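Asks: quick one: sequence plus predicted model below, questions after.
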Amino acid sequence: MQPLLQTRSLSHTWPRGGLCLAMDDLAVMPGERIFLHGPSGSGKSTLLGLLAGVLAPSAGDVILLGNSFAKARAAARDRFRANHLGYIFQQFNLLPFLGPVENVLLGCAWSMARRRRAGGTRDALVAEATRLLAALGLRESAWSHARTGELSVGQRQRVAAARALIGGPELLLADEPTSALDTSTRDAFLNLLLAECGRHATSVVFVSHDLTLAGHFDRTIALGAKHLGAVET
Ligand SMILES: Nc1ncnc2c1ncn2[C@@H]1O[C@H](COP(=O)(O)OP(=O)(O)OP(=O)(O)O)[C@@H](O)[C@H]1O
């Protein structure tokens, strides 16, 4: 079986920041769930940015579904990302003045393939966004009259997850989406999120400081405190 995602000799240096990240090569298989942890500043968010192709590495390459990011033009990379990748940002990056369903629909707004997979028509897309929100623990009665900016942090987190997952992307990148939750809510949410990923065999790279979550995943990778690469455990 071919890996879904591979990195080759990946490293990144921020201007004035020195070497931030130098990675051993990483391969993520279809449907595989990887837990990525490391101390603050070890480069976790930087690595997710590189894997998503939103950040160009100083050296090396990321290959997603056989496509090299280094060889692709920016527009092709953007299109590819929209079609195949969901991203839950640390701060969610939702539009506060829109309703939750509208925010979720933004996840497939730039991808015909994902709109098709999510049902195609406007009615089917709205139904799928509503289903996803409920599957992730956000009942319609809790949000039907609210703008997203009026929701609690935990509710917004579910909207961000639904937006990342609509249209069944092959890869989900999640940047500490559970950091604002207490332990029991965190485990319950993670179970819902991973169950939803299972519907489309979506691979997951999940970043967290919280090592107690590692048991939910197939494999754990630690980024070193001295920014010198990844250690598998
Ligand atoms: N836009 C940027 N410009 C310059 N340096 C940056 C930038 N973003 C991150 N860095 C630097 O890169 C290093 C790694 O940051 P990064 O945010 O990837 O770490 P992290 O492991 O995700 O941290 P945290 O757990 O605190 O979110 C830090 O030293 C940080 O200062």
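Replies: Yep, it's here. Residues are numbered from 1 along each chain as shown.
Asks: how many neighbours does Val205 have?
Replies: Neighbourhood size, Val205 [other Cβ atoms under 10 Å]: 24. Every C-beta, even on glycine, is put in place using the N, C-alpha and C of the backbone.
Asks: can you name the residues bridging to it?
Replies: Ile34, Leu173 (DSSP bridges).
Asks: okay, it: pLDDT?
Replies: What the model reports as pLDDT for Val205 is 97.
Asks: that one and the ligand: what is the separation?
Replies: Look at Val205 and the ligand: by Cβ to the nearest ligand atom, to the nearest Å, they are 13 Å apart.
Asks: just to check, that residue is in contact with Leu172?
Replies: Yes - counting by Cβ atoms under 8 Å, Val205 touches Leu172, with 7.4 Å between them.
Asks: next up, the contacts around the residue nearest to Ala174 when sequence neighbours are not counted.
Replies: Setting aside the residues directly before and after it, Ala174 is nearest to Ile88 in space (Cβ to Cβ, 6 or more residues apart in numbering), at 4.2 Å. With contact taken as Cβ atoms under 8 Å, 6 or more residues apart in numbering, Ile88 is in contact with Gln157, Ala160, Ala161, Ala164, Leu172, Leu173, Ala174, Asp175, Pro177.
Asks: kindly recompute the last result at 6 Å.
Replies: By Cβ atoms under 6 Å, 6 or more residues apart in numbering, the residues touching Ile88 are Ala160, Ala161, Ala164, Ala174, Pro177.
Asks: most neighbours among the residues you listed, which one?
Replies: Ala161 (30 neighbours).
Asks: element containing that one?
Replies: Using DSSP states H and E, Ala161 sits within helix 153-165.
Asks: what pLDDT, on average, does that helix get?
Replies: Taken as a whole, helix 153-165 has a mean pLDDT of 94.
Asks: cool, stretch 56-69 as well?
Replies: On average, stretch 56-69 scores 93.
Asks: cool, and stretch 108-115?
Replies: 95.
Asks: please apply the same query to stretch 219-233.
Replies: Taken as a whole, stretch 219-233 carries a mean pLDDT of 64.
Asks: likewise stretch 29-37?
Replies: pLDDT averaged over stretch 29-37 gives 96.
Asks: let's see the distance spanning that stretch from one end to the other.
Replies: 19 Å (Cα to Cα, to the nearest Å).
Asks: all set, thanks.
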